[in-house]
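A.B. asks: Structure here, sequence nowhere to be found:
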């Protein structure tokens, strides 16, 4: 009979609330945005009280997301700088996908995949915010030309689709890698999870007084 | 707009339209012909437009030109645009009645995401159906002529209806009816094209060698056409586009991008599901827990 490892704290309560505000607003933005993107999905405007309300609410939810994501960015950007072990990890992505990640370098708080999700969403949300302002006709119709608005519409759609794809990867990874979700619900992970996936970070955490 | 049920639809925004009932005669395509060479700039058409459509343009400011109001607004579906053009020693006053051109291939309708907010009748008229409009202003991006205006009051798009509610009962548009010099004609597109040809012959005989009909092919032709004395340079007429077409960016946004995007999202979802089915979850083993506990013990000690 071995001793159970103690849980390791991974996210503070504030960080978790910040994450879930971002998550809910991103899902609402995806639903309302897709409703206005493809006629087959226009029925989704019903979730927001009709077309006029969807059109009016979407940019405001975007503001909530932008502010909320900025919070996440400030919290986590320093932990997401690219390291040598991240390149090795990416080169062995096939092994990772096959659940055979043993023998790969020990990782800090985030692996290369998580870092790419982080930087990908950071850039895309910035682009979405800027193009969204151009498209926000209620307040900003007069600050751009029609050609700039057309470009913004294409850029906004492209970035939104890319962000949704990254979001799918992010959510799927949390479903696939068991023991991950509790980091964002309860704030802690098991010692075994920390040992298996982020050993370098685990060693630091255990070393703390 | 129940009165318009008498008009069959050719196109409907964000929707597919069933063909008109079998056995029903196809509607004749209509057109308005604006003979710029006969226009005296009296603005009777503007007044008639406000009158028929029951619009009230708030009193604004003048900018020192005859353009009044200075631009199209949600309540001014048409405005006269006055341009001074020096033609040799002569000063020409080019006065163009601006408003919706009723493109045969309407960019506004292509861009509109709200089902049925923009329709095109089989007679060619493009109409905004306000009750379905969500105020997103995508029509503004789709339009090659910069015509639709979004109301700050009810957040809906407005533009010339070609008096579809008059045409349906056999009347000409209000502007055509009011024009004192008969610079605005209304009839079938074929008749209007034929009439324009006569006017162009007349203009050419009077020294306007470049007179011609403005019926731009880039948008499939229009159901509002101009007779221009300088058809070689439409942009002389207060920026009338020389070769209007739906922007390729709008084409991409409303074309390829839609199916490709949904396919990519569906593919990502299916890939995740298949991966889970094929490879299974990534679980922490008992061994990992033991190793972790051991480390904790060592460091804790």
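C.D. replies: Everything's here; your move. Please read all numbers here as calculations on a predicted model, not as lab measurements.
A.B. asks: list the contacts for residue A:106?
C.D. replies: Residues near residue A:106 by Cβ atoms under 8 Å, 6 or more residues apart in numbering or on different chains: A:85, A:199, A:200, A:203. (Each C-beta comes from the backbone N, C-alpha and C, glycine too.)
A.B. asks: how close does the first one get to residue A:195?
C.D. replies: For residue A:85, the distance to residue A:195 equals 16 Å [Cβ to Cβ, to the nearest Å].
A.B. asks: And those two? Which one has more around it.
C.D. replies: Ranked by neighbour count (other Cβ atoms under 10 Å in any protein chain shown), residue A:85 and residue A:195 place residue A:195 first, with 28 against 16.
A.B. asks: That one is in contact with residue A:6, isn't it?
C.D. replies: No - using Cβ atoms under 8 Å, residue A:195 is not in contact with residue A:6, being 11.8 Å away.
A.B. asks: quick one: which of the contacts of residue A:106 sit in helices?
C.D. replies: When those are checked against helices (DSSP state H), the matches are A:85, A:199, A:200, A:203.
A.B. asks: ok, residue 101 - contacts?
C.D. replies: Since no chain was named, I'll use chain A. A:92, A:95.
A.B. asks: sorry, should have said chain B
C.D. replies: Listed by Cβ under 8 Å, 6+ apart, the contact partners of residue B:101 are B:145, B:147, B:219, B:222, B:223, B:224, B:244.
A.B. asks: can you check residue B:61 too?
C.D. replies: Neighbour list for residue B:61: empty [criterion: Cβ under 8 Å, 6+ apart].
A.B. asks: The same query, at a cut-off of 10 Å, please.
C.D. replies: Contact criterion Cβ atoms under 10 Å, 6 or more residues apart in numbering or on different chains gives B:68, B:69, B:70 as the residues in contact with residue B:61.
A.B. asks: what about the second one, which SS state?
C.D. replies: The three-state label given to residue B:69 by DSSP: H, G, I helix; E, B strand; the rest coil is coil.
A.B. asks: so it sits right up against residue B:46, yeah?
C.D. replies: Yes - applying Cβ atoms under 10 Å as the test, residue B:69 and residue B:46 come out as touching, 8.7 Å apart.
A.B. asks: Give me the common contacts of the two.
C.D. replies: Each of B:57, B:76, B:79 lies in contact with both residue B:69 and residue B:46 under the rule Cβ under 10 Å, 6+ apart.
A.B. asks: now those in TSV, with secondary structure, neighbour count and distance to residue A:142?
C.D. replies: As requested, these are arranged in TSV below (DSSP: H, G, I helix; E, B strand; the rest coil; neighbours: other Cβ atoms under 10 Å in any protein chain shown; distance: Cβ to Cβ, whole Å):
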residue	secondary structure	neighbour count	distance to residue A:142
B:57	coil	16	19
B:76	strand	25	17
B:79	strand	23	18
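A.B. asks: of those, closest to chain A?
C.D. replies: residue B:76 (16.9 Å; Cβ to the nearest Cβ).
A.B. asks: Name whatever forms a beta bridge with that closest one.
C.D. replies: With DSSP bridges applied, residue B:76 shows beta-bridge pairing to residue B:73.
A.B. asks: Find residues that contact each of residue A:195 and residue A:6.
C.D. replies: Taking Cβ under 10 Å, 6+ apart as the contact criterion, the common neighbours of residue A:195 and residue A:6 are A:206, B:292, B:293, B:296.
A.B. asks: Strands of chain A, residue ranges please.
C.D. replies: A:8-9, A:188-189 (DSSP state E).
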